[in-house]
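Q: coords please:
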Amino acid sequence: ISHRCTQEICDLSNKLFPNMPPIKSKTEYNEEHLGVYWVEEQDIEDYVKQFNPTELGYNKNTKYHNPNNSMNFGQSKGLTLDRVLIHTTKDIMKWLANEENHLSLQTRAKLYVALTRAKYSVGIVKDKTIKQNKISNTNIKVYAQTNQLTLFK
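A: Purely as a prediction, here's the structure:
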């Protein structure tokens, strides 16, 4: 049971460890912009201005839009944050696009920590090399500057 994350965040994090019992959310928030979103690189500045997420990166080499509100996945362990913006690695990006792709146990654990820090929403910076029509993961909505969201099914 999660008393932190929305069900949408739990649904994605549950996919990291499919052999474990799924986590169910017991939260009900009256916030706009709940769930998990792809954020295109050109939309990061707008996303950060609008939602002020804490930026999370896999390691210290991550380049952040707002270094004053950022940390690596490990540093975020145990924290509760309103919103996060995750900067991924190529392996994480491939797995997010298609869960059939390999992702090491250590990387799965780190991504789980990053995903489950947020109460309201998780933004994931989408690698421009991954084409939207090649993404099979339908749990992630698309953030657009116009605030119109699209679900790909």
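
Q: which neighbouring elements make contact with the longest helix along the chain?
A: Secondary structure of the chain read by DSSP state H shows that its longest helix is helix 105-115. On a contact count with 3 or more CB pairs under 8 Å, 6 or more residues apart in numbering; DSSP states H and E, helix 105-115 meets helix 7-14, strand 81-87, helix 90-97. C-beta here means a position set from N, CA and C on the backbone, and glycine is covered the same way.

Q: average pLDDT for that helix, rounded please.
A: For helix 105-115, the mean per-residue pLDDT is 97.

Q: what does stretch 9-23 give?
A: On average, stretch 9-23 scores 93.

Q: next, the buried residues of it.
A: 9-16, 23 (16 or more other CB atoms under 10 Å).

Q: can you redo these as a markdown table with distance to Ile44?
A: Output for the buried residues of stretch 9-23, formatted as a markdown table (distance: CB to CB, whole Å):
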| residue | distance to Ile44 |
| --- | --- |
| Ile9 | 20 |
| Cys10 | 25 |
| Asp11 | 24 |
| Leu12 | 20 |
| Ser13 | 22 |
| Asn14 | 27 |
| Lys15 | 24 |
| Leu16 | 24 |
| Ile23 | 28 |
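
Q: between the residues you listed, which sits nearest Glu40?
A: Among these, Leu12 lies closest to Glu40 (CB to CB), at 18.4 Å.

Q: how close does the closest one get to Ser25?
A: 12 Å (CB to CB, to the nearest Å).

Q: alright, calling it a day.
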